[in-house]
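Asker: Give me a model of this one.
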Amino acid sequence: MKITSRFTVAVHTLLTICFFGDKNKVTSEFIASSVRVNPVVIRRTLLSLKAAGMVEVKAGSGGASIIKDLKDITLYDVYRAVDSVEGDLFHFHENPNPECPVGRNIHGVLDSHLADAQAAMENELKKVTLADLTKQLDAKIG
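Answerer: Residues are numbered from 1 along each chain as shown. So this is what the prediction gives:
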């Protein structure tokens, strides 16, 4: 199972706003040209980021801007804002056979390890801020 692309699209969206926001009006069409998706996807993404208090979107073609300090937005915040995963990262098959010794015990053997793996990934996302990413992007662009 993959995390949906909503997460990487949202991060790309935020970085596009950061990079171009001082120079251009950053509309959904503008962002979509960088991400190479339909502007409707960007509008949905912006709605989620707005609901999470990260961006402001002006009506019409007014553009988007980031309203939260970049050091206060983590990758985890973005991940949660756009519902990258519904519930647990690992989807467990529905009906293991209770008559089978493996099927009967698979949850007891595997569940905690899967929860630990998800927690580790989420903890890594909490360590990286949008400020960190903009510095890395600036260094790459030169």
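Asker: now the strands for the protein?
Answerer: Using DSSP state E, the strands found in the chain span residues 55-58, 63-66.
Asker: Show the average pLDDT along the last one.
Answerer: By that I understand strand 63-66. Averaging pLDDT along strand 63-66 gives 96.
Asker: Then the first one?
Answerer: Throughout strand 55-58, pLDDT has a mean value of 95.
Asker: tally of neighbours for the spatially closest residue to Lys50 that is not a sequence neighbour?
Answerer: Computed as Cβ to Cβ, 6 or more residues apart in numbering, the closest residue to Lys50 that is not its neighbour in sequence is Val57, at 5.6 Å. C-beta here means a position set from N, CA and C on the backbone, and glycine is covered the same way. Residues within reach of Val57, counting by other Cβ atoms under 10 Å, total 18.
Asker: what pairs with Val57 across the strands?
Answerer: Ala64 (DSSP bridges).
Asker: For it, list the residues it contacts.
Answerer: Residues near Val57 by Cβ atoms under 8 Å, 6 or more residues apart in numbering: Leu46, Leu47, Lys50, Gly63, Ala64.
Asker: that older thread, same list, the strands of the chain, but as JSON lines with distance to Asn97 please.
Answerer: Supplementary listing: those in JSON lines, determined by distance: least, Cβ to Cβ, whole Å:
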{"stretch": "strand 55-58", "distance to Asn97": "48"}
{"stretch": "strand 63-66", "distance to Asn97": "51"}
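Asker: just these: most buried one?
Answerer: Highest mean neighbour count among those (mean count of other Cβ atoms under 10 Å): strand 63-66, with a mean of 20.
Asker: and it, C-alpha only, in PDB?
Answerer: Coordinates of each C-alpha in strand 63-66 appear next as PDB, following Å, rounded to 0.1, in the frame of the first residue of the first chain:
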ATOM      1  CA  GLY A  63      -3.500  33.400  -5.300                       C
ATOM      2  CA  ALA A  64      -2.300  31.600  -2.300                       C
ATOM      3  CA  SER A  65       0.100  32.500   0.500                       C
ATOM      4  CA  ILE A  66       1.400  30.700   3.500                       C
END
